[in-house]
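Asks: Show me how the following folds:
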Amino acid sequence: MTVRLMCLALAPLYWLFSAVLLHAQGMSLQVVDQSQTPLKNVVIELPDSTPDAAMPLPVAIIDQVNKQFLPEILVIQSGQEVSFPNSDNIRHHVYSFSPAKTFELKLYSGKPEKPILFEKPGVVVLGCNIHDSMVGYIYISSGKSVITDAEGRAGLSVERLPDYLFLWHAQQRGGPQQRHRYPLTSLQKNIVLQLETVAPEPRDTFRARFKSGATP
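Replies: Numbering: from 1, shown residues only. Now for the predicted structure:
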């Protein structure tokens, strides 16, 4: 979905406000929702860029503690592996129906024998077949990516002003399976975006959460 650059009269489905200040070596961003509240855990991706990552890529980890995925949101690079250890004293059954990666780790405890490889860019919604309140997300990036802090702020180092950015949030209107594309222009010094979010689903509705954004 492409966000047109206009004043505040935009986009019937979502509005995302972000203040972007361009510096010699980077961009300083802040993202807020339709109520001007800073948005934590917004992933901002710089497409057509070289990731700031060590090679070979390390195995990332999503643990399972107290019937929750930790971290709830993980940002990785395409081609990176993820391990899903189970630190609970009960067994879990991790799976995903997402187009970016469909997989399952059948009922287990401890550490799985092998990590899972995530080859394609996109968003993966995680669930547990035993505990439906468990919901997690993996954002698979093909370029440089950052995630906003509690104040909705993040920074990106850039060599030139990009043509556009990808933005994603788990509670964005339209569902978690899609990324929003936001175009930029070389004349912009301060950019204002606004992403409309929706109230979180009850914690026992993983299947409903997945279906709400099943179509990219």
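Asks: Three-state assignment for Gly155, please.
Replies: Following DSSP: H, G, I helix; E, B strand; the rest coil, Gly155 is assigned to strand.
Asks: what's the spacing between it and Asn89?
Replies: In this view, Gly155 and Asn89 are 40 Å apart by C-beta to C-beta, to the nearest Å. Glycine gets a C-beta too; all of them are placed from N, C-alpha and C.
Asks: Val75 too?
Replies: From Val75 to Asn89 the distance is 29 Å (C-beta to C-beta).
Asks: the more surrounded of those two?
Replies: Val75 (20 against 6; other C-beta atoms under 10 Å).
Asks: doesn't Ser142 make contact with the more buried one?
Replies: No. Using C-beta atoms under 8 Å, Val75 makes no contact with Ser142, being 11.8 Å away.
Asks: anything in contact with each of those two?
Replies: Residues touching both Val75 and Ser142 (C-beta atoms under 8 Å, 6 or more residues apart in numbering): there are none.
Asks: Return the residues in contact with Ala199.
Replies: Ala199 neighbours (C-beta under 8 Å, 6+ apart): Gln171.
Asks: actually Ile147, sorry about that
Replies: So Ile147 contacts Asn41, Val42, Val43, Ile44, Ile73, Val75, Ala154 (C-beta under 8 Å, 6+ apart).
Asks: Which of those residues ranks first by neighbour count?
Replies: That'd be Val42 among the contacts of Ile147, by other C-beta under 10 Å, with 31 neighbours.
Asks: Who does Val43 form a beta bridge with?
Replies: Under DSSP bridges, the beta-bridge partners of Val43 are Ile147, Trp168.
Asks: still on that earlier bit, going by distance to Val123, which of the contacts of Ile147 wins?
Replies: Distance to Val123 across these (C-beta to C-beta) is lowest for Val43, with 8.7 Å.
Asks: how close does the closest one sit to Ile73?
Replies: 8 Å.
Asks: which neighbours do the two share?
Replies: With C-beta under 8 Å, 6+ apart as the test, Val43 and Ile73 both reach Tyr139, Ile147.
Asks: can you list the domains in this protein?
Replies: 10-44+146-197, 51-142 (automatic domain parsing).
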